[in-house]
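Colleague: can't give you the sequence, but here's the structure:
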DNA sequence: TATGAGCGG
């Protein structure tokens, strides 16, 4: 499950995100979005969990959780890398 | 280099 992480500090790394989310489950992949053109980090990133349960658990727990003196924002990523997302 | 609402490659 992909998760959208916002309000991330500019001094954070993918390793940090991986470590934080790995505490709730197995982190498949972690990506931080940095604008290389403006040299300005977007301040958010994406984290993919192996299961939806772990993703939701980490999302609800990390959403609104204080980290680096900042309020983290966690939501499900809207962008789907692969089609076939089952929805109802 | 700094800053702060936002879904990347």
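Modeller: Sure thing, it's come through. The structure displayed is predicted, hence computed values, not measured ones.
Colleague: And for the closest residue to DNA strand B within chain A, the neighbour number?
Modeller: Across chain A, the shortest distance to DNA strand B (C-beta to the nearest atom of the strand) belongs to residue A:43, at 2.1 Å. All C-beta atoms are positioned from the backbone trio N, CA, C, and that covers glycine. Residues lying near residue A:43 (other C-beta atoms under 10 Å) number 17.
Colleague: who does the helix or strand containing it pair up with?
Modeller: In the assignment (DSSP states H and E), residue A:43 maps to strand A:40-49. Strand A:40-49 has the following sheet partners, assigned by DSSP bridges: strand A:2-6 (antiparallel), strand A:27-35 (antiparallel).
Colleague: Show me what counts as buried in the host helix or strand of residue A:54.
Modeller: If you go by DSSP H and E, residue A:54 is part of helix A:52-62. Buried positions in helix A:52-62, judged by neighbour count with 16 or more other C-beta atoms under 10 Å: A:54, A:55, A:56, A:58, A:59, A:62.
Colleague: Test my guess that the fifth one contacts residue A:3.
Modeller: Which is residue A:59. Yes: when contacts are counted by C-beta atoms under 8 Å, residue A:59 is listed as touching residue A:3 (5.4 Å).
Colleague: Could you pull out the residues contacting both of the two?
Modeller: A:74, A:75, A:76 (C-beta atoms under 8 Å, 6 or more residues apart in numbering).
Colleague: mind checking pLDDT for the second one?
Modeller: In the prediction, the pLDDT value recorded for residue A:75 is 94.
Colleague: again, but for residue A:23
Modeller: As predicted, residue A:23 sits at a pLDDT of 95.
Colleague: That concludes my questions; thank you for your assistance.
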